[in-house]
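J.: for reference, the sequence and a predicted model appear below.
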Amino acid sequence: MPQLEEAAADRLADHFVNYLFDDYQGSRHVRRIASWMGFVLCGIRRVPGVIWKVGRKRQLVFQVGARRFKAKYDHQVGTRGGIRIVEVLPLQGQPEGVTVTTITSLREAERFYRGARRLLAS
């Protein structure tokens, strides 16, 4: 998995927004998260020691200290789907651990931006 150290948040946002509109071409309930990406990426970027990684094309993977996380779209979050940030366990197959937070609106994306350090650095 290549590492994107100090990748610009706007470059990552472009990657995921392009996926949503060019590659995925999904329904509107999936594309609506495009407006949240800036808050999510900038919130993660504010966490001291974050290291960006490239996971699957549609998942944002990053590491804070010894902990690895991924942010991904989840159809089961909220009433119309949203972003789920989960810790990835350091076991074979990289199974998902606990859900750190879910984001189902622009307001929740802003709240994540403001509290990402507290949520991810603990």
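T.: Done, it's in. It should be emphasised that the depicted structure is a prediction, and the values quoted were computed from it without experimental measurement. Residues are numbered from 1 along each chain as shown.

J.: assign a three-state SS to the spatially most central residue of the chain, would you?
T.: In the chain, the residue lying closest to the centroid (C-alpha atoms, centre = their mean) is residue 71, at 2.9 Å. The three-state label given to residue 71 by DSSP: H, G, I helix; E, B strand; the rest coil is strand.

J.: swap in residue 119?
T.: Put simply, residue 119 is helix when judged by three-state DSSP.

J.: check residue 78 too.
T.: Residue 78 - assigned by three-state DSSP - is coil.

J.: skipping adjacent residues, who's closest to it in space?
T.: residue 104 (3.4 Å; C-beta to C-beta, 6 or more residues apart in numbering). Backbone N, C-alpha and C define where each C-beta goes, glycine included.

J.: state the distance from residue 17 to residue 48.
T.: With distances taken as C-beta to C-beta, to the nearest Å, residue 17 is found 26 Å from residue 48.

J.: typed the wrong thing, it's residue 83
T.: 22 Å.

J.: residue 91 too?
T.: Per C-beta to C-beta, residue 91 is found 26 Å from residue 48.

J.: equivalent analysis for residue 63, please.
T.: With distances taken as C-beta to C-beta, residue 63 is found 12 Å from residue 48.

J.: who has more neighbours, the two?
T.: A direct count of neighbours by other C-beta atoms under 10 Å for residue 63 and residue 48 places residue 63 higher, at 15 against 9.

J.: right, I'll leave it there.
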